[in-house]
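>>> structure, please.
(chains A, B, C and D)
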2 protein chains.
Amino acid sequence: MAVDLTARRGADSEQAIMDAARHILAREGPDGLSMRSVADRVGMSATAIYRYFENKDALVARVVQSGFDRFGEYLRDAAARHPSGSLDRLAALGEAYIRFALENQEYFKLLFSLQHPHPHSIEELPDSGGHGLLRSAVEEAMASGAMRRANPDLVAVYLWSIAHGLLTLSMTCRLEDCPEFRHGALTKGPVELFRSFREFVRHGLQASLPATEEGSEGGDA
Amino acid sequence: MAVDLTARRGADSEQAIMDAARHILAREGPDGLSMRSVADRVGMSATAIYRYFENKDALVARVVQSGFDRFGEYLRDAAARHPSGSLDRLAALGEAYIRFALENQEYFKLLFSLQHPHPHSIEELPDSGGHGLLRSAVEEAMASGAMRRANPDLVAVYLWSIAHGLLTLSMTCRLEDCPEFRHGALTKGPVELFRSFREFVRHGLQASLPATEEGSEGGDA
DNA sequence: GCTGTTAAGTTAACACCGTTAACTCGAGGT
DNA sequence: ACCTCGAGTTAACGGTGTTAACTTAACAGC
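Numbers count the residues shown, from 1 in each chain, chains lettered A, B, ... in the order given. Alright, predicted model coming up:
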């Protein structure tokens, strides 16, 4: 019972602090996340946090790290649902990337904040963040013959840029409720937009050569 | 002389405040930009700023707006250097996008900050931000036959995503100094990476059909 | 010339922020 | 019994955005 009364010891508090920080971040955004608000939620004074984290940045960094872990897990699951080496797996990775970001907006914004870049080097996120996953999916697709051969690192960044760019643009500019876009067919959300991109990614944007009949090239996989 | 002594009246102060804010933002980043630091630089008290701007957000919003104006001008210049309807113009637009961002990092980060999305709707930036420019360049390329026909809005967002994604990724993750990437050929900066993407954008990533000999498709434009 | 009015700016203050320093309290070991 | 040390407290400092109340100078009308 003594254990219950004095309650948390050591690592327990650390966990409680991180949980509180995560909760506040998700519900009130980064502006609501202060040492004092976290402390309130945990039920101790703000300065006590400094027993467990050097400063606010360190706390946030830990929260970010745990976010990357969840992110990576999410991506791994999505990839596992499609056969290795297929283009479908690559597409699923991209869609999962976007869906995770939309479902965990505050998280994602923090992870990829331009202001305080948290993955100081890509090193800090490679496997947890899913980058290694993407790279090997690309290599497998090339090996299986589904994708043309090219520098896999280059292709990985290329694909990553497409998903990431679409996502960040739609988050900052709200593509979907912009009249100028709407008069096109872009009432769609980012996920649908991403699906529409698939054709461009596969066949490119250059006009078919005038010699060859257009649209004759083959079936959809 | 009375004019000189009492100095600024009205709009002059407003301009001086924005200049100071711009200067501080570019040199010290967003953390250095406080009402008091701006006021110090202008030579008045922090609260005086409230005569001209409702609050800090309003001030920042104005600075952002002026940033978009410069951005748009930069893009317009870049586009004008290549013939209308050419794919070169589109590539130049993308490169200019990236170069501007690299040369005005603090600015760009603020413009496209995920945390406090400033272009609340894309409306606020369309022509100044260069979006209209991109869209018409796409339409012209389709009309000229250089690009295959498709929904121009969709293609515009696609291309925009590529440049924007590459840029934001390289800003947050520092792609260039990541060992895992370096072992590939990615020591290049974002501009070079973007150039390498050009081939993917044109011809796509799908493997050539096994039937047709690879690399037989035609000359480079 | 005196009197309002108004723009432009001041100082003082509030509540909040991250962070530091000094102190308290209680459990464990010797 | 004494000491140590982990876990937590309160008080305080300098910084932030912002508000309210006050000053000061220029200008208009009588």
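>>> and the pLDDT at the closest residue to A:Gln206 other than its chain neighbours?
Spatially, and ignoring its direct neighbours in sequence, A:Gln206 is nearest to B:Arg202 (4.2 Å; CB to CB, 6 or more residues apart in numbering or on different chains). No exception for glycine: its C-beta is placed from N, CA and C like everyone else's. Model confidence at B:Arg202, given as pLDDT, is 95.
>>> B:Arg202: helix or strand, and which one exactly?
For B:Arg202, the element it lies in under DSSP states H and E is helix B:190-203.
>>> elements contacting the longest helix anywhere in chain A?
In chain A, with assignment by DSSP state H, the single longest helix is helix A:56-80. When contacts are defined as 3 or more CB pairs under 8 Å, 6 or more residues apart in numbering or on different chains; DSSP states H and E, helix A:56-80 packs onto helix A:11-28, helix A:87-103, helix A:105-111, helix A:126-129, helix A:131-144.
>>> using TSV, lay out those together with mean neighbour count and distance to A:Ser45.
As requested, the helices and strands packed on helix A:56-80 are exported to TSV (neighbours: other CB atoms under 10 Å in any protein chain shown; distance: least, CB to CB, whole Å):
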stretch	mean neighbour count	distance to A:Ser45
helix A:11-28	16	12
helix A:87-103	20	34
helix A:105-111	20	25
helix A:126-129	20	32
helix A:131-144	20	39
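>>> tell me what the helix holding B:Arg202 is packed against?
Contact partners of helix B:190-203 among helices and strands, from 3+ CB pairs under 8 Å, 6+ apart: helix A:152-173, helix A:190-203, helix B:87-103, helix B:152-173.
>>> per-residue confidence for A:Gln65?
The predicted local confidence for A:Gln65 comes out at a pLDDT of 89.
>>> and what of A:Arg148?
In the prediction, the pLDDT value recorded for A:Arg148 is 95.
>>> quick check: the residue nearest to A:Gln206 touching A:His203?
No: the pair B:Arg202 / A:His203 is not scored as a contact, 9.9 Å apart, by CB atoms under 8 Å.
>>> how near is the one residue in chain A that gets nearest to chain B to A:Ile98?
When scored by CB to the nearest CB, chain A has A:Gly165 as its residue closest to chain B, at 2.4 Å. The spacing between A:Gly165 and A:Ile98, counted by CB to CB, to the nearest Å, is 11 Å.
>>> gap between A:Tyr52 and A:Gly32?
20 Å.
>>> repeat that for A:Ile24.
When distances are taken as CB to CB, A:Ile24 and A:Gly32 turn out to be 6 Å apart.
>>> what of A:Pro152?
Per CB to CB, A:Pro152 is found 41 Å from A:Gly32.
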